[in-house]
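A.B. asks: got a sequence here, can you model it:
(chains A and B)
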Amino acid sequence: MDDPFNLEDDGLMPFIHRISSEQIIYKSKKNQCKFIGKYVMGDLLGEGSYGKVKEVLDTETLCRKAVKILKRRKLRRIPNGEQNVEREIKLLQQLNHKNVIRLYEVMHNEEKQKMYLIFEYCVSGLQELIDSTPLKKFPIWQAHGYFCQLIDGLEYLHSQGIIHKDIKPSNLLLTTDGLLKISDLGVAEALDMFALDDLCQTSQGSPAFQPPEIANGLDSFPGFKVDVWSSGVTLFNISTGKYPFEGDNIFKLFEKIGEGVFEIPEEVDELLSDLLRGMLHKDPYLRFSLPQVQHHGWFIKRHPRTEPSVRIPPLRGDESRNMTVLKYLESHHGNNLEEDDCSDSHYFTEHDLTAQRLQQELQQHMQQQNSRSAPPSPGTVAAAAGVPSTETRRSRRRDRWRGTFRIRKLSACKQS
Amino acid sequence: MIKMPLFGKSQKSPAEVVKALKEAMLSLEKGDKKVEKAQEDVSKNLLLIKNMLYGTSDSEPQTDIVVAQLSQELYNSGLLVHLIQHLSRVDFEGKKDVAQIFNNILRRQIGTRSPTVEYICTRPEILFTLVQGYEHQDIALNCGTMLRECARYEALAKILLYSEDFYNFFKFVEVSTFDIASDAFSTFKELLTKHKILCAEFLEANYDKVFAHYQGLLNSENYVTRRQSLKLLGELLLDRHNFTVMTRYISNPDNLKLMMNMLKEKSRNIQFEAFHVFKVFVANPNKPKPILDILLRNQEKLVEFLTKFHTDRSEDEQFNDEKAYLIKQIKELRPPEN
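C.D. replies: Model prediction:
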C-alpha cells in the first residue's frame, strides 16, 4: 500500500499476494471411498518392493481383510518378480492351516496393469512388535508362544511338500487374536509329489537367515533343513534381540555364516542354548529335524509369564488399530457431520429444518385438537408429558421413509 | 490343613474334597437306597473341584500348590478311574464337570513334564474306558472331549493307536446317531493326523489291518461316512509324512478300481474327493504294471470322462490345471515295451 521505494514500472512487477498463515482455509482431504470388487478400501498397512498393502472391508461378510496391490510394471523390474507372484498364488490357494496366511481371492485390472490379492487381515507382525521394544526382543514366554506356532505352521507346509525358504520375523504376521501367520511364499518351493527327498538347488531368501550350505554356494541341499535353520535364527533373534551372524556386507555375512561359528548370549538358559545349537548346526544332516525341535525340552516346557507381554504398538496414534475403512464409508454416505461443515447435506438440512418445524407444529396443533375432542388415551398423555408417543414416533418414521423414497426415485431418474 | 476362618465358611482342603467325592462315588456305585443323596454329594464335590481349578465369577483359581495337591490326591485315590468308569451314574451337569476337571488336570505341566499324562500312561484303562464311552449315548460326547484332549499328547495317542480298541472307531464313526458319529470321526481323525511321525509309523506298521478296515468306511452305506472318510484318505495320502503309505496305497489295483468307481458316484462331492485320490495314481511316475494295465484298458473312456468331469468348476484354477494334466498323462500312456 504505502510503497517507500516508489518503483517506476509498477505494471511489470509480478503481483504477489502475501497471505498470513491464519487466513488460509485448510480443507481436509476428502476420504474418497474406493471399491475393488466387493471390497471397500481403507488405510495403508504397509509397503513393499512389489506394491502397497491396504486394509479392506468385505462388504458381503463384513470381515476385515487386507489387499496386496501389485503393479505389473514394478514386478517386471524385480528379478523373477512375476514368476514368484504366480507361484505364491498357486501355492497359497491350496493351503489351509491356522498358522499360514490365507489367500481368499485374486483380482486383475488389465487397464491399470494391477493385481489385487485379498488376504486375511493381520494387525501386525513380529518385526514390528520387536522394533517397538527397547531391547528388540520378547520375554521368553512370548517368544516361545510365537515359536511354537511357527513350528506348527511349518510342519503343515512341510507336510504339503512346501519349503518356505524365507522364514524371518518380518514374514511372521499376527492377527488380532494373537495367532501367528506365516506369510510371503514368494520364494517358496513345492516339491514334486513323488520326489524321494527334499533336495533343492535354489534359494532367494534373506541373507541373514540363510544357512551355511547356501552361504557356501553348495549346488544342492536338503530343503526342509533350510527352514529349520532360518527358524533357529528367528528364535535367536526374537529371544535375545541379536543375530547369530552379522557382517557389514553380504560377503562378510556369508563368510561368517559359512564358518557356522556363533556365540549365544550369556543370559540364555541351557535348554534354549541347546535348542539353538541344534537348529543352527552347520551340517544340515546333523541339524535338528522339525520333529526333533517339537520333542525338545524347551519347546515342550511351559514358560511362566514372569514379564509383561510386548503389546502391539499404536498405528498412526490409534492405540487399538481400529478399522480404517469406516471413515471412507461415512464420507461415502455423507453422514460425517463433524468434519464436513460445508457439505451439501448442511444446506439441505437448513432448508429442510424449517419445513420440518412447520410440519411438527401442525402436528402438535392437530393433536391438541384431537385431545380436546376425544377422551385422553395413554398415547396422548405421554405426548403431553413431553415423551413422544409411539404414534408420533411412527409417523415421523413414516415421513423419513417418504423422504428417502423420494431421493431414491430421483436418483433412479438420473440414471435412466 | 490351613483353614481360613476369617473368610466365613472354612474352605475344604483338596484331600477332603477328593475323599468326600470318592465316598459319594462309592455309594453311588453300590446303588443302595440313598442314591439321590449320593448323587447330590457327587455333584456338589465335583463343583467344588471345578471351582478350585477354574475359579468362579468372584474367586480366582487356586494356587499352583493347591492344584498340585488336588492332582496328587486324584491320582493316589484312583478317583479319575472311578469317575470315568461310572460316568453314566453322574448327573448331567456333573458329567460336564468331570470332563472339565479331567481336561484341566491333563494339561497340567511342571517344567517339561506333564504329570497327568505320565499317570494315565500307567493307567491306560482310563483311555480304553473313554473309548468305550462312545457306546453309551448319555456319555459319548463327554468322553469324546476328554479323548481328544488325550490325543493331543503323543504318548497317549500312541497307546490308543496301537491298542485293539482303536479299531472300534471304525464302528463308532458309522453309528446312526449323527452327533456321536461325527464326534467319533473328529477323534479318529485327530488320532491319525495329529502327531505326524507317530501316525506315519503306525500306518506303515499296521498298513494291512488299518486299510482293510478303512475299506469298510469307503464302502459304507452311510453317505456322510463315505464322504468324510474319502476326504481324510486324500489328506493322509497327500501328506508327505505318509509318503511310504501313499506309494503302497497307489500300487494296489483294487484301490484304483475303487476310486474309479467313486468318480462315477451319484454325489458330486464324492466324485470331487475321489478325483483328488485318483490323481495320485495317474501322476505316479513309476506305475506298477497292474495299475498301468487298468489305466490303459480304460484310456479312451477316462479321457472322455475327465474332459466332461465337473466342467462348471471354471473358477477353480488349480482343479482345472490338475484335470488338464491328468488328461494329458492318460493320453500319453503307452504299454511298456517288452
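
A.B. asks: so where's chain A shaky on pLDDT?
C.D. replies: Applying pLDDT under 70 to chain A flags residues A:1-17, A:19-30, A:335-356, A:368-416.

A.B. asks: how does it look with 80?
C.D. replies: The model of chain A has pLDDT under 80 over residues A:1-31, A:48-50, A:334-416.

A.B. asks: over to chain B?
C.D. replies: Applying pLDDT under 80 to chain B picks out residues B:1-11, B:31-34, B:337-338.

A.B. asks: longest single helix anywhere in it?
C.D. replies: Ranked by residue count and defined by DSSP state H, the top helix of chain B is helix B:35-54.

A.B. asks: show me what that one is packed against.
C.D. replies: If you count contacts as 3 or more C-beta pairs under 8 Å, 6 or more residues apart in numbering or on different chains; DSSP states H and E, helix B:35-54 packs onto helix B:14-30, helix B:64-77, helix B:92-107. In short, each C-beta sits where N, CA and C put it, glycine included.

A.B. asks: repeat that for 10 Å
C.D. replies: helix B:14-30, helix B:64-77, helix B:79-85, helix B:92-107 (3 or more C-beta pairs under 10 Å, 6 or more residues apart in numbering or on different chains; DSSP states H and E).

A.B. asks: contact residues of chain A facing chain B?
C.D. replies: Listed as neighbours of chain B in chain A under the rule C-beta under 10 Å from any C-beta of the partner chain: A:89-91, A:93-94, A:106, A:155-156, A:158-162, A:191-196, A:198, A:224, A:271, A:289-292, A:294-304.

A.B. asks: circling back to that earlier point, could you dump the helices and strands packed on helix B:35-54 to TSV with distance to residue A:329?
C.D. replies: Listed next are these as TSV, based on distance: least, C-beta to C-beta, whole Å:
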stretch	distance to residue A:329
helix B:14-30	56
helix B:64-77	49
helix B:79-85	54
helix B:92-107	43
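
A.B. asks: quick one, helices of the stretch 201-338 of chain B?
C.D. replies: Listed in chain order, the helices found in the stretch 201-338 of chain B under DSSP state H, counting those that start in this stretch are B:207-218, B:223-238, B:243-249, B:253-263, B:268-283, B:289-297, B:299-307, B:317-331.

A.B. asks: er, the stretch 251-400 of chain A I mean
C.D. replies: Listed in chain order, the helices of the stretch 251-400 of chain A (DSSP H, counting those that start in this stretch) span A:270-279, A:290-294, A:297-300, A:326-332, A:344-373, A:378-384, A:390-415.

A.B. asks: before we move on, what about the stretch 101-250 of chain A?
C.D. replies: Counting by DSSP H, counting those that start in this stretch, the helices of the stretch 101-250 of chain A are A:126-131, A:140-159, A:212-215, A:223-240, A:250-259.

A.B. asks: give me the residues contacting the third one.
C.D. replies: With contacts defined as C-beta atoms under 10 Å, 6 or more residues apart in numbering or on different chains, helix A:212-215 is touched by A:165, A:200, A:202-205, A:207, A:218-222, A:225-226, A:229-230, A:245, A:250-251, A:253-260, A:280-285, A:287.

A.B. asks: can you flag the buried ones in the residues you listed?
C.D. replies: Neighbour-count burial (16 or more other C-beta atoms under 10 Å in any protein chain shown) applied to these gives A:165, A:200, A:203, A:205, A:221-222, A:225-226, A:229-230, A:245, A:253-254, A:256-258, A:260, A:280-282, A:284, A:287.

A.B. asks: what's the burial count for residue B:19?
C.D. replies: Using other C-beta atoms under 10 Å in any protein chain shown, residue B:19 is surrounded by 16 other residues.

A.B. asks: scratch that, residue B:140
C.D. replies: Neighbours around residue B:140, by other C-beta under 10 Å: 20.

A.B. asks: how close does it sit to chain A?
C.D. replies: From residue B:140 across to chain A, the span is 27 Å (C-beta to the nearest C-beta, to the nearest Å).

A.B. asks: check contacts around the nearest residue to residue B:42 once chain neighbours are set aside.
C.D. replies: Using C-beta to C-beta, 6 or more residues apart in numbering or on different chains and skipping residues adjacent in sequence, the residue nearest residue B:42 is residue B:24, 4.5 Å away. Each residue near residue B:24 by C-beta under 10 Å, 6+ apart is listed here: B:34, B:37, B:38, B:39, B:40, B:41, B:42, B:43, B:44, B:45, B:46, B:90.

A.B. asks: what do you get for residue A:130?
C.D. replies: Residues in contact with residue A:130 (C-beta under 10 Å, 6+ apart) are A:136, A:137, A:138, A:143, A:169, A:170, A:237, A:238, A:241, A:310.

A.B. asks: wait, residue A:219 sits on residue A:201?
C.D. replies: Yes - counting by C-beta atoms under 10 Å, residue A:201 is a contact partner of residue A:219 at 6.6 Å.

A.B. asks: which non-adjacent residue is nearest residue 152?
C.D. replies: Assuming you mean chain A. With C-beta to C-beta, 6+ apart as the criterion, residue A:152 has its nearest non-adjacent residue at 5.1 Å, and that residue is residue A:99.

A.B. asks: that was the other one, I meant chain B.
C.D. replies: Spatial nearest neighbour of residue B:152, excluding adjacent residues (C-beta to C-beta, 6+ apart): residue B:194 at 6.7 Å.

A.B. asks: ok, now residue A:176?
C.D. replies: With sequence-adjacent residues excluded and distances taken as C-beta to C-beta, 6+ apart, residue A:176 is closest to residue A:123, at 4.9 Å.
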